[in-house]
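Chemist: show me how the following folds:
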Amino acid sequence: MTDTPQNPGAAKDPLHGVTLEKLLTTLVDNFGWPALASQVNINCFKSDPSIKSSLKFLRRTPWARKEVETLYLDFIEGHLRPDMTRSKRRTPLSAEKPQKPKVSTAKPAADSPWNNHPLTKK
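Modeler: Next up is the predicted model:
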């Protein structure tokens with residue numbers, strides 16, 4: 001695939017032109033539902049799995065879709081072994097460290113009712 005004026009960057013995206021159904025079918029054919037369920041903990045892979053129900057869920061659930069896409073990319077690039085272990089690991093969304101919420105250290109304004117609150121330190 002080459003870059004075109006209508007589709008710049010198409011050659012750089014390994015998922016370009018791969019439907020979610022093709023991606024999922026490839027993984028199921030090569031690894032099976034139990035192995036997928038062990039990697040991506042979702043009920044549609046565990047309980048009465050089917051391509052149709054999984055596609056419906058993955059289309060509505062971005063984090064799960066990202067996990068499955070990451071498995072597929074590892075597979076096509078040769079980083080995913082038949083036992084579902086990886087020689088190199090991409091970082092899917094669920095593996096990233098959660099961001100700590102930022103806590104403000106600003107002081108309340110001089111006329112704020114929080115100035116006399118018993119839980120605020122002076």
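
Chemist: only C-alpha atoms from now on, for both contacts and neighbour counts.
Modeler: OK.

Chemist: so which residues of this structure form helices?
Modeler: 20-31, 33-39, 43-46, 51-60, 62-76 (DSSP state H).

Chemist: what about residue 78, how many neighbours?
Modeler: Using other C-alpha atoms under 10 Å, residue 78 has 12 other residues around it.

Chemist: now the chain, which segments are flagged as low pLDDT?
Modeler: 1-11, 82-104, 106-108, 114, 117, 120-122 (pLDDT under 70).

Chemist: re the thing from before, the helices of the chain into TSV, with extra columns for distance to residue 116 and mean neighbour count?
Modeler: Formatted as TSV, those follow (distance: least, C-alpha to C-alpha, whole Å; neighbours: other C-alpha atoms under 10 Å):
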stretch	distance to residue 116	mean neighbour count
helix 20-31	58	15
helix 33-39	52	16
helix 43-46	51	18
helix 51-60	48	14
helix 62-76	44	18
